[in-house]
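**Student:** Structure of the sequence below:
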Amino acid sequence: MLGELTGSARDVSLLIDFLPSYLYPDDDPSPIVEWGIAGVSLGGHSTWIALATDSRLTTGIPIIGCPDYNKLIAYRANYYGIELAGKYFPKSLKDNIAKSDPASLVRGASNPFEGKKILVLSGAADRLVPWEASKEFVTEKLNTGANGVKKVSLYPGVGHECTEGMVREMVEFITDNCL
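**Tutor:** Below is the predicted model:
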């Protein structure tokens, strides 16, 4: 799963690299001044990774996604009675998590979220991506600084779904912070 999430985040970075040359092939200056990303479920996880690893992304809206891979996988392993060790959780995987997992990348003065605009949308009743796996990072460690925006909305009674209310809130956030 981590490979798919990290690969999707890297795909976004490649799009940012190459899209301007397709949109503006006559060497006209690109009017693109800001890049943003939003994603649902696996896309929400990848949104977190892309925000943490590509400084060109200034706005992100992870919807039912988790920024802490270790906590999410620990929750799922516990649910299925799988021990996070050996072939299920080898050192090579742990090393990759340390390189790309948003919760692992915020250490000391290193903060890839400084100045970014982030809207976190989660369902309080989500059992696939439980809020508890994200809560500590989002509420205690995620710091967008004085020039950033952090808004967190936890939807009571909502499971693993993107609701109309979430979409409306995303549109309002983009309108208020990006346009």
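**Student:** neighbours of residue 153, just the number please.
**Tutor:** Using other CB atoms under 10 Å, the number of residues around residue 153 comes to 14. Just so you know, the C-beta spots here come from the backbone N, C-alpha and C atoms, and that holds for glycine as well.
**Student:** Check residue 97 too.
**Tutor:** 18.
**Student:** Helix or strand: which one has it?
**Tutor:** Per DSSP states H and E: residue 97 is located in helix 91-100.
**Student:** buried ones in that helix?
**Tutor:** 93, 96-97, 100 (16 or more other CB atoms under 10 Å).
**Student:** For the residues you listed, give me CSV that also has distance to residue 76 and pLDDT.
**Tutor:** Shown next, in CSV, are the buried residues of helix 91-100 (distance: CB to CB, whole Å; pLDDT from 0 to 100):
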residue, distance to residue 76, pLDDT
93, 14, 90
96, 17, 89
97, 14, 89
100, 18, 86
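**Student:** between those, which is nearest residue 157?
**Tutor:** residue 97 (31.6 Å; CB to CB).
**Student:** can you pull the contacts of the closest one?
**Tutor:** 2, 69-70, 104 (CB atoms under 8 Å, 6 or more residues apart in numbering).
**Student:** Compile these into CSV and extend it with columns for pLDDT and secondary structure.
**Tutor:** Converted to CSV, these look like this (pLDDT from 0 to 100; DSSP: H, G, I helix; E, B strand; the rest coil):
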residue, pLDDT, secondary structure
2, 87, helix
69, 93, helix
70, 92, helix
104, 89, helix
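**Student:** By neighbours, which of those wins?
**Tutor:** residue 69 (25 neighbours).
**Student:** Give me the distance between the residue located most distally from the centre of the chain and residue 20.
**Tutor:** Ranked by distance from the centre of the chain (CA atoms, centre = their mean), the top residue is residue 26, with 33.9 Å. Residue 26 sits 12 Å away from residue 20, going by CB to CB, to the nearest Å.
**Student:** Quick one: name whatever helix or strand follows the helix or strand harbouring residue 13.
**Tutor:** Assigning secondary structure by DSSP H and E places residue 13 in helix 2-23. Note on helix 2-23: by DSSP H and E, the next helix or strand toward the C-terminus is strand 35-40.
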